[in-house]
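Engineer: Using only what follows, build the 3D model:
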Amino acid sequence: MKRGEIYLANLSPGDVVGCLSQELIDLVNDAIKLHLVLE
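Structural biologist: Down below sits the predicted model:
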């Protein structure tokens, strides 16, 4: 097993969802900033 697989196996589904939602929030914030800069 690769290190990443072990890491994922140790995470609970809630941890995974939390990480993904944080990534999405960051992406949305970046998109909003870009949109404001471009206007």
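
Engineer: contacting residues around Leu24?
Structural biologist: Under the criterion of C-beta atoms under 8 Å, 6 or more residues apart in numbering, the contact list for Leu24 is empty. All C-beta atoms are positioned from the backbone trio N, CA, C, and that covers glycine.

Engineer: Lowest-scoring secondary structure element of this structure by mean pLDDT?
Structural biologist: Lowest mean confidence among the helices and strands of the chain (mean pLDDT, DSSP states H and E): helix 3-10, at a mean of 66.

Engineer: I'd like the next helix or strand past that helix.
Structural biologist: helix 13-38 (DSSP states H and E).

Engineer: residue nearest the centroid of the chain?
Structural biologist: Nearest to the mean C-alpha position of the chain, by C-alpha atoms, centre = their mean, lies Glu23 at 2.2 Å.

Engineer: and that one, what does it touch?
Structural biologist: No residues are in contact with Glu23 under the rule C-beta under 8 Å, 6+ apart.

Engineer: distance of it from Val17?
Structural biologist: 11 Å (C-beta to C-beta, to the nearest Å).

Engineer: Show me the shaky parts of the protein.
Structural biologist: 1-9 (pLDDT under 70).

Engineer: again, 50 this time
Structural biologist: Applying pLDDT under 50 to the chain picks out residues 1.
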